[in-house]
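1. take a look and give me a structure for this.
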Amino acid sequence: MRKSKNNHIFNMSIVLCTALLVLSLLTLSARAMNHKELEQLISGCEKVGGEVETIVHNQMTNSYSFTCH
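-> Next comes the predicted model:
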């Protein structure tokens, strides 16, 4: 019985660690993609002589609002 309980705890730990790793990778991926997209938007706005207004809503994922005036 004791060995079975330890095995169950070990398996749950593996599942939890895997879920945390996947969540971390997805968050970092979203952050990188949003950063790259924002760089391109700013560059395009500046090329046409516009004034950039950005608001970052979430520092972890770099979600944002963008306006070019």
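2. for residue 65, name its beta-bridge partners.
-> Beta-bridge pairing of residue 65 under DSSP bridges involves residue 55.
3. how far away is it from residue 53?
-> 8 Å (CB to CB, to the nearest Å). No exception for glycine: its C-beta is placed from N, CA and C like everyone else's.
4. and if you look at residue 40?
-> The gap separating residue 40 from residue 53 is 16 Å, by CB to CB.
5. now swap in residue 38 and tell me
-> 12 Å.
6. neighbour count winner among the two?
-> Taking other CB atoms under 10 Å, residue 38 and residue 53 do not tie; residue 38 has more neighbours (17 against 11).
7. how about the closest residue in space to that one that isn't next to it in sequence, what does it touch?
-> Nearest non-adjacent residue to residue 38, counting by CB to CB, 6 or more residues apart in numbering: residue 64, 5.8 Å away. Each residue near residue 64 by CB atoms under 8 Å, 6 or more residues apart in numbering is listed here: 34, 38, 54-57.
8. neighbouring contacts of stretch 43-61?
-> Contacts of stretch 43-61 (CB under 8 Å, 6+ apart): 27, 30-31, 34, 38, 41-42, 62-69.
9. okay, who's weakest in those by pLDDT?
-> Among the contacts of stretch 43-61, residue 62 has the lowest pLDDT, at 85.
10. mind listing the helices for the chain?
-> 2-47 (DSSP state H).
11. of all the contacts of stretch 43-61, which comes closest to residue 11?
-> Set against residue 11, the nearest of these by CB to CB is residue 27 (24.8 Å).
12. from residue 12, how far off is that closest one?
-> Per CB to CB, residue 27 is found 22 Å from residue 12.
13. what do you get for residue 25?
-> In terms of CB to CB, residue 25 sits 21 Å off from residue 12.
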